[in-house]
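# I'd like to go over a predicted model; first the sequence, then the structure.
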Amino acid sequence: MKPEKRSGTAKLPLRRGGPAARIAVIPGDGIGKEVVPEAVKVLRAALKRPIEFVEFDWGADKYLRDGVSLPPGAVQMLREEFDAILFGALGDPRVPSNQHAADILFGLRFKLDLYVNARPVELLHDRLTPLRDRTEKHIRLMVIRENTEGLYVGVGGFFKKGTPDEVAVQEDVNTRKGVERIIRYAFDYARQNGLKRVCMSDKSNAMTFAHDLWQRVFKEVRQEYPGIDSRHLYIDTLAMELVRDPSQFDVIVTCNLFGDIISDLGAQLAGGLGLAPSGNIHPGSTSLFEPVHGSAPNIAGKGIANPLGAVLTSAMMLEFLGWNHEAAALREAVRASLRQNKFTTDLGGEMKTAELGDWLARFVKQRAQN
Ligand code: NAD
Ligand code: IPM
Ligand code: MN
């Protein structure tokens, strides 16, 4: 499916742009269960079109109670019956192995082949960045993280586990097909959004096999995009440059693990994890949208988590569905809340999660009536 030409860093290829949608809602664990209901509240207030939300209780409680993480048939059901998935977070101190999170989150990312993890870094209010003399115009970029391979595939094992001679191996799996499609996506994303700069980041000076492949593919693919200024930075240098001068980047493409790390760094440049959205995407098929943050056990249950990451995630989901008008309403509501100091505690305010959700819902409802 050919994506629309648009501008802005958070615009994504269309799913189908149809008049109605079915959304699977997976709040998960911890603050996932607190922020996702607020996002749904705001979505309901913004949308006049028919949208159906179906909630699934997959997470630590169910895993501990029934021994079920990702239920059998779940992947096929999501692919066939839903347009998108709105996801909270997984992770619970009662499951130290993190097994249920791996089964569900990696299960969905891998089995739905959600090879693009799009993580925009966008400063929405000047006062939110910890960087001195940086404003909204300096911090606006997209991290395109490879999402289906690399060190995340779970290939490896132990040898002589628990002994002094123990060996632990974790394989970094990079396929020609996987590397090529994510690099190509980054260039296409730049082209479709009128962005001029793509930076590929790897560690090819040390990872001389896996990231040699990234180097070769990057050099090949960039030839097809002569209008785009492409460059390479090693990941350590990228981390430094992102802090020194984030305005030099439009699109960053990198492997799974580095993308995970750099997207938290980016989130902090734009006000912290409480605000950072992401989309796990397979263009043209059922995709999963989740805030970048985790289940935050340190604040879970207190009703103080920032719901803005989940609301901006919902805006990304609406753009994926082709519902740009409603997405814009959500973004405007978030900006307005920041302008009016409607802050949760992570941003130095006192607002509760649900209070801010109510405020945002009222804002989009009023806007929809005008
Ligand atoms: P985290 O993102 O949960 O929390 C990191 C810090 O940021 C904490 O201090 C937390 O209070 C704060 N924070 C995060 N989101 C916030 C919000 N919306 N509002 C206010 N403060 C917020 O990361 P962690 O502590 O490293 O991980 C906790 C659990 O979450 C672990 O089990 C981890 O594996 C899991 N995790 C899951 C996902 C996911 O499901 N996609 C992502 C990251 C971490
Ligand atoms: C994220 C998270 C996950 C990841 C964890 C929970 C496995 O940190 O979505 O950023 O590393 O992908
Ligand atoms: Mn992460």
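Thanks, I have the structure now. Numbers count the residues shown, from 1 in each chain. Ligands and ions are numbered 1, 2, ... in the order given.
# Would you map the helices across the chain?
Here the chain has its helices, by DSSP state H, at 32-46, 60-66, 74-81, 99-101, 107-111, 176-192, 210-222, 235-244, 256-269, 308-321, 324-339, 353-369.
# Give me the nearest residue to residue 130, chain neighbours excluded.
Sequence neighbours aside, residue 268 is the residue nearest to residue 130 in space, at 6.7 Å (criterion: CB to CB, 6 or more residues apart in numbering). Any C-beta I mention is one placed from the backbone N, CA and C, and that applies to glycine too.
# re the thing from before, any chance of the helices of the chain in a markdown table, plus distance to ligand 2?
As requested, the helices of the chain are exported to a markdown table (distance: least, CB to the nearest ligand atom, whole Å):
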| stretch | distance to ligand 2 |
| --- | --- |
| helix 32-46 | 11 |
| helix 60-66 | 13 |
| helix 74-81 | 18 |
| helix 99-101 | 6 |
| helix 107-111 | 8 |
| helix 176-192 | 15 |
| helix 210-222 | 18 |
| helix 235-244 | 15 |
| helix 256-269 | 4 |
| helix 308-321 | 12 |
| helix 324-339 | 21 |
| helix 353-369 | 20 |
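# Just say which of these is most tucked in.
helix 308-321 (a mean of 28; mean count of other CB atoms under 10 Å).
# before we move on, back to that, can I get the helices of the chain in CSV with mean pLDDT and distance to residue 291?
Below are the helices of the chain laid out as CSV (pLDDT from 0 to 100; distance: least, CB to CB, whole Å):
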stretch, mean pLDDT, distance to residue 291
helix 32-46, 98, 7
helix 60-66, 98, 18
helix 74-81, 97, 19
helix 99-101, 98, 15
helix 107-111, 98, 15
helix 176-192, 98, 20
helix 210-222, 98, 28
helix 235-244, 98, 20
helix 256-269, 98, 9
helix 308-321, 98, 3
helix 324-339, 97, 12
helix 353-369, 95, 12
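# Relative to residue 201, which of the ones you listed is closest?
helix 235-244 (4.4 Å; CB to CB).
# What lies in contact with the closest one?
Contact with helix 235-244 is made by 131, 199, 201-203, 233, 248-249, 252, 254, 258, 261-262, 265-266, 269, as judged by CB atoms under 8 Å, 6 or more residues apart in numbering.
# now do stretch 39-53
Under CB under 8 Å, 6+ apart, the answer for stretch 39-53 is 19-23, 25, 86, 307, 310-311, 313-314, 318, 323, 326, 329-330, 333, 357-358, 360-362, 364-365, 368.
# and if you look at stretch 100-108?
26, 28-29, 58-60, 63, 69-70, 74-75, 78, 85, 87, 90-92, 95, 114, 152, 154, 280, 288.
# Which of those residues fall within strands?
Among the contacts of stretch 100-108, DSSP state E puts 26, 28, 85, 87, 280, 288 in strands.
# mind listing what the residue of the stretch 1-150 of the chain at minimum distance from ligand 1 touches?
In the stretch 1-150 of the chain, no residue comes nearer to ligand 1 than residue 91, which is 2.1 Å away by CB to the nearest ligand atom. Taking CB under 8 Å, 6+ apart, we find residue 91 in contact with 29-30, 60, 98, 101, 294-295, 297.
# Now it: closest residue in space, sequence neighbours ignored.
residue 295 (4.1 Å).
# who in the stretch 51-200 of the chain is up against ligand 2?
residue 101 (CB under 6 Å from any ligand atom).
# Any residues of this protein in contact with ligand 1? List them.
Residues of the chain lying near ligand 1 (CB under 6 Å from any ligand atom): 31, 35, 89-91, 98, 101, 105, 273-274, 290, 293-299, 305-306, 309, 346.
# Can I get the buried ones among the contacts of residue 91 as something I can paste into ChimeraX?
If you want just the buried ones from the contacts of residue 91 in ChimeraX, going by 16 or more other CB atoms under 10 Å, the selection is:
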select :29,30,60,101,294,295
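# ok, the contacts of residue 91 vs residue 176, which is closest?
Nearest member of the contacts of residue 91 to residue 176, counting by CB to CB, is residue 101, at 29.4 Å.
# For the spatially closest residue to residue 63 that is not a sequence neighbour, give its distance to residue 91.
Distances taken as CB to CB, 6+ apart place residue 100 nearest to residue 63, at 3.8 Å, with adjacent residues excluded. For residue 100, the distance to residue 91 (CB to CB, to the nearest Å) stands at 9 Å.
# go on, residue 225?
Residue 225 is 38 Å from residue 91, by CB to CB.
# And residue 354, by the same measure?
To residue 91, residue 354 is 22 Å away according to CB to CB.
# just residue 315 next, same as before
Counting by CB to CB - residue 315 and residue 91 are separated by 24 Å.
# is it possible to export the contacts of residue 91 to JSON lines including distance to residue 342?
Formatted as JSON lines, the contacts of residue 91 follow (distance: CB to CB, whole Å):
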{"residue": "29", "distance to residue 342": "26"}
{"residue": "30", "distance to residue 342": "23"}
{"residue": "60", "distance to residue 342": "31"}
{"residue": "98", "distance to residue 342": "34"}
{"residue": "101", "distance to residue 342": "31"}
{"residue": "294", "distance to residue 342": "24"}
{"residue": "295", "distance to residue 342": "24"}
{"residue": "297", "distance to residue 342": "25"}
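# Looking at the contacts of residue 91, spot the one nearest residue 165.
residue 98 (26.1 Å).
# Let me know the pLDDT of the closest one.
Residue 98 carries a pLDDT score of 97 in this model.
# Report the contact partners of it.
Applying CB under 8 Å, 6+ apart, we find residue 98 in contact with residue 91.
# what sits against the one residue in the stretch 251-370 of the chain that gets nearest to ligand 1?
For the stretch 251-370 of the chain and ligand 1, the shortest gap (CB to the nearest ligand atom) falls at residue 294, measuring 2.2 Å. Residue 294 is in contact with 30, 89-91, counting by CB under 8 Å, 6+ apart.
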